Every structure is written in structure tokens, then in C-alpha cells.
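K.L.:
Got a sequence here, can you model it:
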Amino acid sequence: MKILDISKNIKFSKKYSTLIKDQNFSKSLHFTDYTSLYIIMSNKIKLPTSRLASLYRDFRDLKDLNPDGYQANINTWKDYFTNNLLNDTSTLSVHCGKNLLHKLNDSIYGEPKSIDIVIDELVSENILIPSESYFDTNKIDFDSSSNKIGILSRLFGLLGLRNEMKFTSRVTRDDDTYLKTDILIVINNVKKSGRTIADNISKNIVDNSSELTDLVMNTDTFFKSSKVCDLWKNKIDQNIVLFYLEYYLHLIITDKNIVKVISDINKKELEISNNKITDIDIGIVEIKNTLNNLNKQISKLVNEINEIETKLQSGKYKSLSRTTQKGILKNKIISQRYLEKLSGNKNNLTEIMRQLNMSLVNKTMFDTLKQSHDVITSINDYIGSIDKVTELLEDIDVENEKATELNEILSKTNDLDNSLFEEEVNNELAELEKQMKTEKQKESTSEVRENTSAEETEVMELLRAVTLEDKIIKPNNQHESNTKIMEEKVLEPVS
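P.N.:
A predicted model of the protein is given here:
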């Protein structure tokens, strides 16, 4: 079966160009790789049956004959792509070419004859981005909704010029394959996935790092730690994410098979050289790779020795011939000696790694001190010589004396103003006191009158009471007198 080779059609950035030349990468575009695409697009929303004939024909002529029908066909295909494929965040790329046409094949109408129009519109709307533009940092602007190609396209349109940069997915061929072979990146899914991986980097790498060498590793280790390999098995998608992390989020830098984490998700720069992959970084990764290999060999030897120990303790070993027993013991001793050598090598490399970490710390300290020295020197150069500073201080003293004299002059004026103000306040206060005194006298006179009136009223009440009492007393006295006369008469003897 023919393998698609797109290395001639796609120009990746220099750093990622080795990927496209790799035979394993070419195999990733094998026909069977499109099975997942077919399953996704066939098991979800389907195209309306009543419009299949129009959707699958070459409807480019409708642009002039029936503009509404032309746009309706494009919108239907766009909805089909968006709902069935592009909304899945795990889908980072769409492989454009003959195999895509084959997967869209209908048993009655065959392959769609104008799907390139739909793809071109998705590209113009920046829903899909051609790989050449994606991997070229000079052409893509991730911070805006439109890339530089889109901006230039509109500029050419306004000037009435032909835009050679406009992307077209149709190629002129004699056969039925009219779609160019390309990889189209689903940029929104890349952005969402990039944020997820950035969080994994922060949690699994940055937060767990205790030494500077923990931030430098090979690509496979990085993919495992950041969970990239758990989400995407395809090398193309893995490198799409890697590129995004490096050139948009600026969390890492890469070179060949080395990844160095230079920042966390909060854009906090780490204490590590972040300009490029250095010879020190290469050495760190080589030591780590060697240590990993040693650990695998040591683990294998330990298992072999344990198996031999188990055999030696079994009853079956005792039944073996002496020669066989000696062979097993000899194998054990050889494995143990080899294990000792490997363990020694591991210890040596571990010590080297520690010394390397210390050297990196010292380098960081030196760079920090040098930078501090440069800053202090720059500030001192700006300030100037000691004589200049002394002269400046003398000038300040002179100006301070002038300011003191001005304050004294202004204070005299203020004293005059204050005395006038004080006199005005005293006059107004005297006037207020006078008014208050007058009001108080009025209140006193009124109070005396009220008191006199009250006393007169009280006297009148007393007089009325006395008069009334006299009136009551007189009749009572008369009654008592009459009673007494009657009693005397009764007591007189009858003559």
C-alpha cells in the first residue's frame, strides 16, 4: 500500500523539519490512520439526505447562478465538520488529501467534488491553519483572532492586487485527486489542549523539581511527565503541542531530542538559562539517559540474582549434578560482580550530577551578582562623581536657605492677616455677647413679671379661702348658741 509522503508539500520550521523526513512520521499518514476520522465523522451528525446530490456535486458554478444555494452548501459542510470533528479537543489536526475524500465518499454520489471550497473557508476563518503557516512563527499571530496571512489577504483585496499567499486546497491534476496533501491544524483545540498541558507541566515538573537539572530532560520523559503521550499517540499531534508550548506559551525551549522547562503556567521565569539549549543541557540529558539505562540494567540483574537465590533454596537444585550446581553459583557470582560495577558507575554519575547541580547554582549566583554589579554601576554612573554629589548637596542647602527666608517673609504677611482676622473675630464676638446680654435681661424681666403675677394669684386665692371659712364659722357659732340657750331652759326648775 502506498505511503503518502508530504515532505515535498509542507515546509516546516527548521527545528521541526527533521520530523517530516522521518520514515516513521510518513507512516503516520498511512491510510489506516484515517479510520478514527471516518468513525468520528460517520457516527455523529449526518448530512441531510435531501441535499446530498447538491452537496456532492461540483457546486462552484452556483456562486454566480444561485449564491444562496452556494453558501448554504458551504454552511452545511462547515457544520458537518465542526460538529463531527473540530469540537473534539483531542483532535489537533486534519489530514487533507485523497484519503479525506475517500472517507467522505458516498455510496451513491461518490466523493465530494467541491470540498476544497469548504476547507478554504475554514482556513480563511482561522478555524483551520495550514501546517506551513502554523510552524512558521513569522506568519501566525496567536494573540489575535486573525493571522498575518488573513491581514495581508484583506490588504491585497483593498488594493485590488492578487494575493499569492492565499491558501487553496485544490490542486490541478488529471486524476480525481484534486485536494493537496497537507496537515491542517485545529487552532482552537490546540489552545485548549495547550492550557491543559501547561498545567501538567507546572504540577508534575516545576513543582516537583528540587534541582536545576530536573528541568532538563529528553522529549520522551517530557511527554510522559506532561501527559502529552497519554492524550496523543500520534507523533504529529505531539509535535504540534510541543511547538505551541515553545513558541506561543514560552514555557519550554527545545532542540533535537532535548526539552528545557523555562517558565511555569504563571509566566514565572525559572532560575535556569532560558536562551537556548546549551552544551551543559546536552550533558545533563546524556547523564540522565545513561542513569536510566543503568537503572534498567541494575533492575534486571537484581531480578536475575533473586531468581538464582530462589533456585538455590529449592529442593530441585539439590537434585542437580554438582557441575550444574557450580554453574548456577558461578552465574550468580558473575551477576553480583557485574551488579557491583553498574552500581559503582551509577554512584559516580549521581555524584557528577550533584556536582553539576552545584555548578549550575554557582553559575546562577555569579550571574545574579554580576547583574547586580552592573545595575549598581549603572546607577552610580548616572549619579556621577562624589564632587558632583557634594556640589548638588551644597546647592540643596542654598535652596533650603532661600526657602526659609521666603517662609519668614510669607509668615509676616500671614501674621498681619491673622491680626486683622483676629480683630474681626473679637468684634463679632463682642457683638454676639452684647446681643446675648440683652436677651438675658429680657428673659429676667419676663421671669420677674411671671413671678409677681404668680404671687398675686396666690394671695387672692388665700383671701378667698379665708372669706369662705368665716362664712362657714359664723352660722355654726349661731347654731351652737341657740342650742345652749335651749339646754339652759330645759334645766331651769318650774316655778
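
K.L.:
CA only for contacts and neighbour counts going forward, please
P.N.:
Fine.

K.L.:
Next, the contact list for Leu122, please.
P.N.:
By CA atoms under 8 Å, 6 or more residues apart in numbering, Leu122 lies in contact with 78, 128.

K.L.:
could you point out which element follows the helix or strand encompassing it?
P.N.:
Using DSSP states H and E, Leu122 sits in helix 115-124. Once the chain leaves helix 115-124, the next helix or strand it forms, by DSSP H and E, is strand 128-130.

K.L.:
chain center to the very next helix or strand once past that next one: distance?
P.N.:
Counting by DSSP H and E, the element after strand 128-130 in chain order, helix or strand, is helix 131-134. In terms of CA atoms, centre = their mean, to the nearest Å, the centre of helix 131-134 is set 26 Å apart from its chain centre.

K.L.:
Determine the set of other helices and strands touching helix 131-134.
P.N.:
In terms of contacts (3 or more CA pairs under 8 Å, 6 or more residues apart in numbering; DSSP states H and E), helix 131-134 is packed against strand 182-186.

K.L.:
Neighbouring strands of the strand it packs on in the sheet, and parallel or not?
P.N.:
strand 93-96 (antiparallel), strand 128-130 (antiparallel) (DSSP bridges).

K.L.:
Averaged pLDDT, that strand. What do you get?
P.N.:
The average pLDDT for strand 182-186 rounds to 93.

K.L.:
quick one: contacts of it?
P.N.:
6, 9-10, 86, 91-97, 127-131, 134.

K.L.:
for the record, mean pLDDT for the host helix or strand of Asp381?
P.N.:
For Asp381, the element it lies in under DSSP H and E is helix 322-383. Per-residue pLDDT over helix 322-383 has a mean of 88.

K.L.:
quick revisit: quick check: PyMOL command selecting the buried ones in the contacts of strand 182-186.
P.N.:
Restricted to buried positions by 16 or more other CA atoms under 10 Å, the PyMOL selection for these reads:
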select buried, resi 6+10+86+91+92+93+94+95+96+97+127+128+129+130+131+134
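
K.L.:
Could you export the strands paired with strand 182-186 as a markdown table, including distance to Met460 and mean pLDDT?
P.N.:
Output for the strands paired with strand 182-186, formatted as a markdown table (distance: least, CA to CA, whole Å; pLDDT from 0 to 100):
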| stretch | distance to Met460 | mean pLDDT |
| --- | --- | --- |
| strand 93-96 | 119 | 91 |
| strand 128-130 | 115 | 93 |
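
K.L.:
Of these, which is nearest Ile240?
P.N.:
strand 93-96 (8.5 Å; CA to CA).

K.L.:
What are the contacting residues of the closest one?
P.N.:
With CA under 8 Å, 6+ apart as the test, strand 93-96 has contacts from 29, 179-186, 237.

K.L.:
which residues of this structure score low on pLDDT?
P.N.:
In the predicted model of the chain, residues 1-45, 139-165, 173-176, 265-274, 413-421, 447-456, 459, 463, 465-495 satisfy pLDDT under 70.

K.L.:
rerun that using 50 as the cut-off
P.N.:
By pLDDT under 50, the weakly predicted segments of the chain are 1-12, 17-18, 20-43, 143-164, 490, 494-495.

K.L.:
tell me the domain boundaries of it?
P.N.:
Domains of the chain are assigned by automatic domain parsing as 14-184, 194-280, 281-383.

K.L.:
for the shortest one, the distance to its chain's centre please.
P.N.:
Remark: domain 194-280 is offset 17 Å from the chain centroid, using CA atoms, centre = their mean.

K.L.:
Show me where the stretch 151-300 of the chain has its strands.
P.N.:
Using DSSP state E, counting those that start in this stretch, the strands of the stretch 151-300 of the chain run over 182-186, 216-218, 252-255, 258-261.

K.L.:
Now distance to Val375 and mean neighbour count too, for those, in CSV please.
P.N.:
Below are the strands of the stretch 151-300 of the chain laid out as CSV (distance: least, CA to CA, whole Å; neighbours: other CA atoms under 10 Å):
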stretch, distance to Val375, mean neighbour count
strand 182-186, 45, 23
strand 216-218, 30, 23
strand 252-255, 28, 20
strand 258-261, 27, 24
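
K.L.:
Can I get those strands in JSON lines including distance to Leu122?
P.N.:
Output for the strands of the stretch 151-300 of the chain, formatted as JSON lines (distance: least, CA to CA, whole Å):
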{"stretch": "strand 182-186", "distance to Leu122": "10"}
{"stretch": "strand 216-218", "distance to Leu122": "36"}
{"stretch": "strand 252-255", "distance to Leu122": "30"}
{"stretch": "strand 258-261", "distance to Leu122": "33"}
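
K.L.:
closest to Leu312 out of those strands?
P.N.:
Nearest of the strands of the stretch 151-300 of the chain (CA to CA): strand 216-218, 41.3 Å.

K.L.:
helices or strands up against the closest one?
P.N.:
Checking 3+ CA pairs under 8 Å, 6+ apart, strand 216-218 ends up next to strand 258-261, helix 279-313.

K.L.:
Contacts for it, please.
P.N.:
With contacts defined as CA under 8 Å, 6+ apart, strand 216-218 is touched by 257-261, 281, 284-285, 288.

K.L.:
Who's the closest spatial neighbour of Ile119, skipping the chain neighbours?
P.N.:
In space, and not counting its chain neighbours, Ile119 is closest to Ser169: 6.9 Å by CA to CA, 6 or more residues apart in numbering.

K.L.:
No further queries at this time; thank you.
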